[in-house]
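S.K.: Everything below, folded, please.
(one chain, ligands or ions: 2)
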Amino acid sequence: MLKHDRPCCVATPHALPCAPAPIIRRQPLLGRLLFPGLSWPLVFLPTVPSAVSQRCSSRFPCSVRPALPSSSHPPFWPPPLPHPPALPASSPSLVSTPSALISPPLAHMLASMELPLIDLAALLPDASPPLPDGARAAALASLRGALSAVGFFHLTNHGVSAELQRRLLAATAAFFDLPASKKEAVALRACPGSGRGYQRLRESVTAGAADVHEAVDVYETVAPGDPSLCGAVEALRTAAATGASADAAASALTALVTADNPRLPADLHATLDEYVAAARAAAAATLGVVAEAAGLDAATAAAVAEGAFWNARLISYPPVDGAGANADAGVVDGSVPPPAGELGCGAHCDYGLLTLVAATRNAASRGCLQVWAPDAGAPGGGTWVAADPPPGAPADTLVVNVGDWLAAVTGGAIRSSRHRVMSPTRGGRGKEDDGGGGGRVSVPFFFEPALDARPAASLPVTTVAAADVAAAAAGKEDEEGSEGAAAAAPSSLVTRSGRRVSCYGEFLLSKVATNFAFETAGGGGGL
Ligand SMILES: O=C(O)CCC(=O)C(=O)O
Ligand SMILES: [Fe+2]
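M.R.: Ligands and ions are numbered 1, 2, ... in the order given. You can find the predicted model right below:
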């Protein structure tokens, strides 16, 4: 990643009419992140190494580390699967994994909707007591199997306590229960360039179709002179884009990442601050383990995570009646046609490194989050797999999934899979209710690469799949009956105009530009 010691040269964009609020500014890096061969003690350094201290400008102490409890149960579940055969040195596409690499037990695991449960604390290289070598290798193999098949797994013992998750989900639910006028007071619509704020029902759009949810987006706020922003601006300006569009993109990116977050109710604000610090630390540690499972060398893994950026969404999915809801989500099967109605959130891939999802565990929520497993189910078919934690999973279980950038960095060894959220079924409220009421509340935390992270020249970059192009042209994702094909289409690190992205910031911008109903097709800073 490029380093800069001079202020960013992009003109600060037009003043944003958002209320200034001190929520969640860029935090210091956690010292060195966790990678094979390295261990946590580097995280405790009271003074941050000079290479990263220039980013250390916030009120958060540099000694933040996740409180990773010692393991009290087996480090992975279900039992380990055979390690898949070695992947070819250069994988032909970003996300496809030949079916031959899916072992029969793994296919079974997918069909029975059992994503592995990974115990992060037990898998850390400096875990105490250490796992026997064989057990650690088996757990990593189980993780690798899930990463290469669907890019989703369940995570426990990660330091984001169940209690903190419950508090955040309850405060989030309370926000969405407020009168519309209070929510609209922090509307994204009022400040679209900031990417932040409240979106009413059906304002968020996935691949052209309205989503049946309300949400609030928040982002890490970086300083205009932040090295990663400067690097991204430089990358944009020296990329193939011509002057005017590069300037527009640089301005749009600057507006997006330097804006302040909306003024949320005090308790939600404070809880979110606390949650972000914990989730960020957990994500960094998880990335180390995922990188190891994916076979990335330590230097590449370290480079991927340096200067990481984050954003998050607070989401409320209201319950709906009958068809289209998750009534039968206990049996998710690719042979069942997709619901005719609207989705809580349409099928999409996440953009960055890893997403950590905390969600209500009430009965209404169960089975709502689903991931497309192209190699499972009938040969040549594919299956939507339920991704929510099963009822018996530990209370702190988070759903973790791989984003496009990380999948690309691994050359397709691990998948960034399409996933969707079904609307909860009305009346499905159960005794496990923890704040979602009759609906589902979730908070995906997106752990992203540095804004100036560049795709390595050696990375395979797929062309946009035909199904995606057709769907984009038609303004919707899937033609009826072709959901499976479109769901399996690979993502690619190209902008909407088909040019290879110059840096992660540009990729992020091109994705965010199509996310909301009020934005025009020409949005996205000229990309
Ligand atoms: O609500 C969820 O569980 C996940 C939502 C999601 O996939 C996203 O916002 O990217
Ligand atoms: Fe997602």
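
S.K.: Quick check: residues of this structure near ligand 1?
M.R.: 313, 315, 345, 350, 357, 359, 369, 419, 421, 442, 444 (Cβ under 6 Å from any ligand atom). Glycine gets a C-beta too; all of them are placed from N, C-alpha and C.

S.K.: can you list those residues in JSON lines and add secondary structure and distance to residue 508?
M.R.: Formatted as JSON lines, these follow (DSSP: H, G, I helix; E, B strand; the rest coil; distance: Cβ to Cβ, whole Å):
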{"residue": "313", "secondary structure": "strand", "distance to residue 508": "14"}
{"residue": "315", "secondary structure": "strand", "distance to residue 508": "19"}
{"residue": "345", "secondary structure": "strand", "distance to residue 508": "18"}
{"residue": "350", "secondary structure": "coil", "distance to residue 508": "11"}
{"residue": "357", "secondary structure": "strand", "distance to residue 508": "19"}
{"residue": "359", "secondary structure": "strand", "distance to residue 508": "23"}
{"residue": "369", "secondary structure": "strand", "distance to residue 508": "22"}
{"residue": "419", "secondary structure": "strand", "distance to residue 508": "18"}
{"residue": "421", "secondary structure": "strand", "distance to residue 508": "21"}
{"residue": "442", "secondary structure": "strand", "distance to residue 508": "21"}
{"residue": "444", "secondary structure": "strand", "distance to residue 508": "15"}
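
S.K.: any chance of those residues in TSV, with neighbour count and distance to residue 385 too?
M.R.: Output for the residues of the chain next to ligand 1, formatted as TSV (neighbours: other Cβ atoms under 10 Å; distance: Cβ to Cβ, whole Å):
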residue	neighbour count	distance to residue 385
313	20	22
315	26	20
345	25	16
350	26	16
357	25	15
359	27	16
369	28	10
419	26	9
421	29	13
442	26	17
444	23	18
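
S.K.: hey, where'd the helices end up in the stretch 301-450 of the chain?
M.R.: For the stretch 301-450 of the chain, the helices defined by DSSP state H, counting those that start in this stretch cover 404-409.

S.K.: quick one: low-confidence ranges for it?
M.R.: Along the stretch 301-450 of the chain, segments meeting pLDDT under 70 span 322-341, 377-381, 427-437.

S.K.: ok, now the chain?
M.R.: Checking the chain against pLDDT under 70 turns up 1-113, 240-243, 322-341, 377-381, 427-437, 457-492, 494-498, 516-527.

S.K.: Leaving out sequence neighbours, find the closest residue to the closest residue to ligand 1 within the stretch 351-500 of the chain.
M.R.: In the stretch 351-500 of the chain, no residue comes nearer to ligand 1 than residue 442, which is 3.5 Å away by Cβ to the nearest ligand atom. Spatially, and ignoring its direct neighbours in sequence, residue 442 is nearest to residue 359 (3.8 Å; Cβ to Cβ, 6 or more residues apart in numbering).

S.K.: repeat for residue 219
M.R.: In space, residue 219 is closest to residue 311, 4.2 Å off (Cβ to Cβ, 6+ apart).

S.K.: got a list of what that neighbour touches?
M.R.: Shown in contact with residue 311 (Cβ atoms under 8 Å, 6 or more residues apart in numbering): 195, 217-220, 446, 448.

S.K.: try residue 176
M.R.: 183, 214, 314, 316, 441.

S.K.: Grab the nearest non-local neighbour of residue 316.
M.R.: residue 176 (4.0 Å).

S.K.: Do I have it right that residue 301 meets residue 293?
M.R.: No. Counting by Cβ atoms under 8 Å, residue 301 sits too far from residue 293 to count as a contact (10.7 Å).

S.K.: re earlier: now tabulate the contacts of residue 176 in CSV and tack on neighbour count.
M.R.: Conversion of the contacts of residue 176 to CSV gives the following (neighbours: other Cβ atoms under 10 Å):
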residue, neighbour count
183, 19
214, 23
314, 24
316, 23
441, 29
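
S.K.: measure the nearest residue to residue 406 once chain neighbours are set aside to residue 501 for me?
M.R.: Counting by Cβ to Cβ, 6+ apart, residue 406 lies nearest to residue 353, which is 4.5 Å off, once chain neighbours are set aside. According to Cβ to Cβ, to the nearest Å, residue 353 and residue 501 sit 15 Å apart.

S.K.: Among these two, which residue is more densely surrounded?
M.R.: More neighbours surround residue 353 than the other of residue 353 and residue 501, with 30 against 23 (other Cβ atoms under 10 Å).

S.K.: Identify the residues contacting that one.
M.R.: Taking Cβ under 8 Å, 6+ apart, one finds 283, 287, 304-305, 308, 402-403, 405-406, 447-449 in contact with residue 353.

S.K.: Point out the other elements, helices or strands, that the longest helix seen in the chain touches.
M.R.: The single longest helix within the chain, with elements called by DSSP state H, is helix 266-294. Counting contacts by 3 or more Cβ pairs under 8 Å, 6 or more residues apart in numbering; DSSP states H and E, helix 266-294 packs against helix 120-123, helix 133-149, helix 162-176, helix 298-305, strand 309-317, strand 354-359, strand 398-402, strand 440-448.

S.K.: Export these to a markdown table and append columns for distance to residue 415.
M.R.: Formatted as a markdown table, the helices and strands packed on helix 266-294 follow (distance: least, Cβ to Cβ, whole Å):
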| stretch | distance to residue 415 |
| --- | --- |
| helix 120-123 | 20 |
| helix 133-149 | 6 |
| helix 162-176 | 26 |
| helix 298-305 | 16 |
| strand 309-317 | 22 |
| strand 354-359 | 13 |
| strand 398-402 | 6 |
| strand 440-448 | 17 |
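
S.K.: could you pull out the strands for the stretch 351-500 of the chain?
M.R.: 354-359, 369-373, 383-386, 398-402, 419-421, 440-448 (DSSP state E, counting those that start in this stretch).

S.K.: One more: the stretch 101-250 of the chain?
M.R.: Under DSSP E, counting those that start in this stretch, the stretch 101-250 of the chain gives strands at 117-119, 152-156, 197-199, 205-206, 209-210, 214-219.
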